[in-house]
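Undergrad: here is my input; please provide its structure:
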Amino acid sequence: MVRTPDLARAIFDHVELERIAASGLDRQRHVPSVTELHRVAMLYIAARERDWAPVTRTNHVYWLGRICRAIGPVEVADLDWPHVHKFVAVMRQRGASELVISRYYLALQAVLDWCMRQGIITENVMRKMRLRDFGLPSFGEHTRRRHA
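TA: Next up, the predicted model:
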């Protein structure tokens with residue numbers, strides 16, 4: 001059985017290797033930025049995992065890994081509307097439900113909130129965005145629809 005920190009590192013290292021291979025960079029000479037989204041997401045998981053149940057850790061590793069792959073390499077400070085829109089579009093293309101996309105969205109928002117608390121970024125751009133901006137219902141709207 002793979003421990004969650006090892007699984008997180010494996011997923012994010014895989015994302016980095018895909019990026020390096022696609023860009024033609026030499027793996028031995030390339031030093032990724034510590035503030036690239038996939039690295040920050042890995043740090044977030046490592047910092048929060050003690051507070052989470054095993055299933056929560058597993059979900060965050062999976063969700064954030066898919067988000068990083070969909071968005072591609074980007075500095076956390078440079079993350080903006082087009083990146084999030086790209087992620088939502090990729091998830092829709094893969095057939096993800098509105099509720100699933102909303103959960104991924106909120107996971108990314110939590111990473112950026114953590115980055116603000118750590119001083120990595122000065123503003124969480126996702127706080128300016130709403131799920132409705134992407135044609136997604138809020139969790140309250142989703143629950144009302146299900147129970148109507």
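Undergrad: so residue 81 makes contact with residue 129?
TA: Yes. Contact criterion C-beta atoms under 8 Å: residue 81 and residue 129 qualify, at 6.7 Å. In this view, the C-beta of every residue, glycine as well, is placed from N, C-alpha and C.
Undergrad: those two - which one has more neighbours?
TA: Legend: neighbour count by other C-beta atoms under 10 Å for residue 81 and residue 129, higher for residue 129 (16 against 13).
Undergrad: who touches the more buried one in this structure?
TA: Shown in contact with residue 129 (C-beta atoms under 8 Å, 6 or more residues apart in numbering): 81, 84.
Undergrad: pLDDT wise, what is it at?
TA: You'll see residue 129 listed with a pLDDT of 76.
Undergrad: quick one, phi/psi of it?
TA: phi -100, psi 160 (degrees, to the nearest 10).
Undergrad: how near is it to residue 108?
TA: Residue 129 is 10 Å from residue 108, where distance means C-beta to C-beta, to the nearest Å.
Undergrad: mutual contacts of the two, please.
TA: Shared contacts of residue 129 and residue 108, defined by C-beta under 8 Å, 6+ apart, comprise residue 84.
Undergrad: pull the number of nearby residues for residue 89.
TA: 13.
Undergrad: how many other residues sit next to the closest residue to residue 75 other than its chain neighbours?
TA: Leaving aside its sequence neighbours, residue 75 sits nearest to residue 35 (C-beta to C-beta, 6 or more residues apart in numbering; 5.4 Å). Other residues lying near residue 35 total 16 when counted by other C-beta under 10 Å.
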